[in-house]
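S.K.: Sharing a sequence plus its predicted fold:
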Amino acid sequence: MAKKSVLVLHGPNINLLGQREPDIYGSLTLEEIEQALAERASKLGILIECFQSNHEGALVDRIQMAVNSFDAILINPAAFSHYSYALRDALSAAGLPLVEVHLSNVFAREPFRHHSVISAVANGMICGLGLQSYLLGLEALVKVLEKQQV
């Protein structure tokens, strides 16, 4: 049986991690997050591919291409969480298992961050745990994929 694969998507400004608002997002860089994800994916026996963009359309294009190439999606939509119906619709249309993650606790921040248009089409959402949000999200997707095989 072929290894399961997960597309990891990072939204706008995630490329600035490590230098952008370290009091909120910590000092970890995007490269360090992706390295930790790769290590965890290897231990879980799955393949991952990571993609970051500050452009909504580029993320939509990547989601559409994922339908025939990946088994699930792990996404940190960042600011797009709160208003991108284009991302939401693309994720919904893809029909793949999906977990939304955030480094910070969005519910402990400004009120506009308390609502995600993405969460309604996701299997779940994990936030506020820094790097662990991503790692737990990846593990959750593996569990969802295992249940699909039963």
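M.R.: Cool, the structure landed.

S.K.: When you work out contacts or count neighbours from here on, use the C-alpha atoms and nothing else.
M.R.: Noted.

S.K.: Need the contact partners of the helix-or-strand element of the chain with minimal mean pLDDT.
M.R.: In the chain, no helix or strand scores lower on mean pLDDT, DSSP states H and E than helix 22-25, which sits at a mean of 72. If you take CA atoms under 8 Å, 6 or more residues apart in numbering as the criterion, helix 22-25 is touched by 17, 18, 103, 104, 130.

S.K.: Confidence-wise, which of these comes last?
M.R.: When the contacts of helix 22-25 are compared by pLDDT, residue 104 scores lowest at 80.

S.K.: burial count for the residue lying closest to it once chain neighbours are set aside?
M.R.: Spatial nearest neighbour of residue 104, chain neighbours left out: residue 128 (4.0 Å); criterion: CA to CA, 6 or more residues apart in numbering. Residues near residue 128, counting by other CA atoms under 10 Å, number 17.

S.K.: How about the one 3 residues further on?
M.R.: Here the number of neighbours of residue 131 (other CA under 10 Å) works out to 24.

S.K.: where does it land on pLDDT?
M.R.: Residue 131 is assigned a predicted lDDT (pLDDT) of 94.

S.K.: pretty sure it contacts residue 103?
M.R.: Yes - proximity of residue 131 to residue 103 meets the contact threshold set by CA atoms under 8 Å, at 6.5 Å.
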